[in-house]
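>>> With the input below, show me the fold.
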Amino acid sequence: MTVVTLSGLPGTGKTTVAQLLHKKLAVRYVYSGEIFRSLAQKHKMSLEQFGSYCELHPEVDRELDDYQVQVLRQGDVLLEGRIAGWLAVRNHIPAFKVLLTADFDTRVSRIVKRESGEYARRRQEIEARERSEAARYKKFYGIDVSDTSIYDVIVDTAPLPPEEIVDRILARIPKR
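So this is what the prediction gives:
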């Protein structure tokens, strides 16, 4: 049974890498960020506004996290999510945990390229979103998202093309 989690901050290349990994691993792919985005739209809020809302409504995060834990327990999955690795660890679910990183300017530039907008405004949005998420994870779960000790592999995506990132990850995943 293959269970892989893929985590990282916005703009690290998680979705691009996950889509390529999904094809190589031939397992189900679940993207928790899409679920969060659809909930924000449902509430007619921006991601920044919805993040602030979630700080006061922990039930939103808990519902999303419960779903992710269920997905992990089913196995044969690639789960992309900010705290997917932590959810596996905290729930004693064996998983290969990957963290993607990149410097802040690279991440902001990638998001501007992907979603358009003004660099300075995107930078502020990303900073606010990351502060909100870090505060929620610490407050509700005691998770320090800056603690990378749980990950099996950490890849700095800034200097690498997606295919090379995937190759590095695949080289480290234990064979089934």
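
>>> Other residues contacting the helix ranked longest in the chain?
Ranked by number of residues, the top helix in the chain under DSSP state H is helix 119-141. Helix 119-141 is contacted from outside by 9-11, 46-48, 51-52, 54-55, 58, 61-62, 82-83, 86, 90, 104, 107-109, 111-112, 115, 143-146, using CB atoms under 8 Å, 6 or more residues apart in numbering. The way it works is simple: take the backbone N, C-alpha and C, and place the C-beta from them, glycine included.

>>> Sort out which of the residues you listed are buried, if you could.
9-11, 47-48, 51-52, 54-55, 61, 82-83, 86, 107-109, 111-112, 143, 145 (16 or more other CB atoms under 10 Å).

>>> Mind checking which of those are in helices?
Using DSSP H, these in helices are 47-48, 51-52, 54-55, 61, 86, 107-109, 111-112.

>>> Can you pull out the low-pLDDT segments for the chain?
For the chain, the stretches flagged by pLDDT under 70 are 176.

>>> in it, which spans are strands?
Along the chain, counting by DSSP state E, strands occupy 3-8, 28-31, 77-80, 96-101, 153-156.

>>> Pipe these into TSV and attach distance to Lys175 per row.
Converted to TSV, the strands of the chain look like this (distance: least, CB to CB, whole Å):
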stretch	distance to Lys175
strand 3-8	13
strand 28-31	19
strand 77-80	16
strand 96-101	11
strand 153-156	15
